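Sequence plus predicted model, see below.
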Amino acid sequence: MAMHRTCDGMRRRDMLRVGALGGSAVTLANHLAWAEEADLPAPAKAAIFVNLGGGPSHLDSFDLKPDAPAEYRGEFKPVATNVPGIYISEHLPKLAACADRYAILRGVSHTLAAHELGSSYIHTGNRPIASLQFPAFGSVAARELSAPAELPPYVAVPQSRQGAGYLGVRYAAFATNATPRKGQPFAVRGMALDGSLSLAQVDRRHELLRDLDSTFQEMASDSQLVEGLDSFSQQAHTIITSRRARAAFDVSRESPAFSAPFGDTEFGQSCLLASRLVEAGVRFVTVQLGGWDTHGENFSKLKDKLLPTLDEGLAALLLGLAEKGLLDSTAVMVTGEFGRTPKINQRAGRDHYPRAMFMLLAGGGIRGGQVVGESDDKGTGPKGDAIRPDDVAASLYRSLGIDPRKEYRTNTGRPVMIVRDGEPIRQLFG
């Protein structure tokens with residue numbers, strides 16, 4: 001893949017549980033907290049994060065403003081979806097036909113207009129600070145959710161924009177560094193044997209490396225980096241010798257009838273791979289679709305390539321997961337790092353604009369067929385309360401059964417919550 005820059009329901013056992021809190025009074029807040037937990041759907045087992053690198057225009061995709069002045073509304077017309085009252089871009093017909101499968105978040109807002117900073121915020125749910133590197137969603141999932149030993153818990157296709165941060169390299173993404181092609185076996189670098197080595201030879205080399213590593217163990221006993229690299233070495237050996245892993249990555253094993261809707265694009269095939277990986281037991285997969293940094297020729301780029309590619313691949317992913325019975329147990333999040341300026345510039349483009357953007361969420365107990373939040377009449381900012389990236393992150397973690405308020409400690413002993421300043425958006429689960 002080309003890389004682009006750029007409400008109640010308290011059960012008796014719960015009441016007993018509350019009553020067991022010593023002499024503490026049972027407040028209304030306590031009661032509501034337990035009731036909320038009791039009503040939550042079963043958590044998802046996996047998640048797929050679709051990163052739209054560069055920052056897609058909200059006004060030309062999922063938050064059109066047909067009544068705004070021409071210099072704001074742009075060239076595209078809204079089209080009705082299969083959910084009455086919800087409209088999206090005319091260039092997203094497949095996603096319009098399955099809008100009941102996902103929720104649209106509008107009026108998502110932050111203040112970081114630089115790609116790197118915005119991306120870090122969106123990929124972690126924490127506003128970046130100079131003194132700490134926060135971990136990507138997938139790294140937290142890799143730590144919190146158990147996965148089969150033969151499979152990496154966190155896979156990035158082809159790469160991840162965000163590292164493992166203070167969790168350390170042990171929880172970094174297994175990057176494929178390539179994307180699958182339709183009908184062809186997908187050989188991840190370092191996984192497929194090239195014919196020059198037998199499995200027995202791989203095993204002997206692994207034993208030699210392990211002996212060498214033990215020589216330096218005392219010297220590096222406190223090194224988080226070395227510990228992480230050793231974990232990677234063990235995992236790499238397990239994966240390369242595992243038929244289950246090689247089968248999971250092989251998109252050519254899908255039936256033609258199932259794979260056809262994903263199309264021929266690298267993004268579509270990456271979505272197909274993501275569906276295979278979560279089916280096999282991988283807990284978190286990141287997929288990339290870049291090129292959204294449309295400072296110039298915004299409408300032609302969107303109409304001719306970006307929107308059709310997204311439409312085909314994402315619709316196939318949602319429907320494919322549903323067909324396999326995996327959508328309820330797989331959370332899907334789709335977003336870029338920010339939106340784009342409501343007013344069109346002199347190059348028929350739109351520039352960086354974090355004050356208003358969209359996100360999509362699906363699966364994992366999230367109720368599809370709804371719009372959460374709203375932007376104003378020109379898409380220049382939220383109408384009413386903004387939805388913050390922190391809250392979306394907390395919602396994703398809640399979907400996965402991970403408490404976003406859980407506290408970790410860095411290697412220096414510093415306590416840090418997974419999401420420092422966010423609460424799950426209740427409407428998503430209603």
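Received the coordinates, thanks. Numbers count the residues shown, from 1 in each chain.

show me where pLDDT drops low in the stretch 151-300 of the chain?
187, 189-240 (pLDDT under 70).

For it, which segments count as helices?
199-215, 224-240, 243-248, 256-259, 266-280, 298-301 (DSSP state H, counting those that start in this stretch).

buried stuff in the last one?
Taking 16 or more other CB atoms under 10 Å as the neighbour-count basis, helix 298-301 is seen to contain the buried residues 298-299, 301. Bear in mind the C-beta positions are built from the backbone N, C-alpha and C, glycine included.

what packs against that helix?
For helix 298-301, not one helix or strand is in contact under the criterion 3 or more CB pairs under 8 Å, 6 or more residues apart in numbering; DSSP states H and E.

next one: the third one
Here helix 243-248 touches helix 266-280, going by 3+ CB pairs under 8 Å, 6+ apart.

what helices or strands is the helix it packs on leaning on?
strand 46-51, strand 154-157, helix 243-248, strand 284-288, helix 307-323.

average pLDDT for the helix or strand following the first one?
What that stands for is strand 46-51. Following strand 46-51 in sequence order, the next helix or strand is helix 70-73 (DSSP states H and E). Computed over helix 70-73, the mean pLDDT rounds to 96.

In helix 70-73, which residues are buried?
Buried, per 16+ other CB under 10 Å, within helix 70-73: 72-73.

ok, now stretch 302-320?
302-303, 306-320.

repeat for stretch 131-138
Result for stretch 131-138 [16+ other CB under 10 Å]: buried residues 133-138.

got a markdown table for the residues you listed, with distance to Lys343 too?
Shown next, in a markdown table, are the buried residues of stretch 131-138 (distance: CB to CB, whole Å):
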| residue | distance to Lys343 |
| --- | --- |
| Gln133 | 35 |
| Phe134 | 33 |
| Pro135 | 36 |
| Ala136 | 33 |
| Phe137 | 32 |
| Gly138 | 36 |
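
Next step: these restricted to strands.
Per DSSP state E, strands hold no members of the buried residues of stretch 131-138.

Pull out the CA atoms of stretch 345-363 and give them to me as PDB.
The C-alpha coordinates for stretch 345-363 follow below in PDB (Å, rounded to 0.1, in the frame of the first residue of the first chain):
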ATOM      1  CA  ASN A 345      -9.600  27.700  -0.900                       C
ATOM      2  CA  GLN A 346      -8.300  29.100  -4.200                       C
ATOM      3  CA  ARG A 347      -6.900  25.800  -5.400                       C
ATOM      4  CA  ALA A 348     -10.300  24.100  -5.200                       C
ATOM      5  CA  GLY A 349      -9.100  22.400  -2.000                       C
ATOM      6  CA  ARG A 350      -9.700  22.400   1.700                       C
ATOM      7  CA  ASP A 351      -7.000  22.900   4.400                       C
ATOM      8  CA  HIS A 352      -6.400  21.400   7.800                       C
ATOM      9  CA  TYR A 353      -9.300  21.900  10.200                       C
ATOM     10  CA  PRO A 354      -9.600  20.100  13.600                       C
ATOM     11  CA  ARG A 355     -12.500  22.200  14.900                       C
ATOM     12  CA  ALA A 356     -15.000  20.000  13.100                       C
ATOM     13  CA  MET A 357     -14.600  16.400  11.800                       C
ATOM     14  CA  PHE A 358     -16.400  13.100  11.500                       C
ATOM     15  CA  MET A 359     -15.800   9.600  12.900                       C
ATOM     16  CA  LEU A 360     -17.500   6.300  12.300                       C
ATOM     17  CA  LEU A 361     -18.000   3.600  14.900                       C
ATOM     18  CA  ALA A 362     -19.600   0.200  14.400                       C
ATOM     19  CA  GLY A 363     -19.900  -3.300  15.900                       C
END
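
That stretch - what's its average pLDDT?
When pLDDT is averaged along stretch 345-363, the result is 98.

what residue ranges in the stretch 1-150 of the chain score low on pLDDT?
1-41.

In three-state terms, label the closest residue to Gly373 other than its chain neighbours for me.
Nearest non-adjacent residue to Gly373, counting by CB to CB, 6 or more residues apart in numbering: Gly107, 3.9 Å away. Following DSSP: H, G, I helix; E, B strand; the rest coil, Gly107 is assigned to strand.
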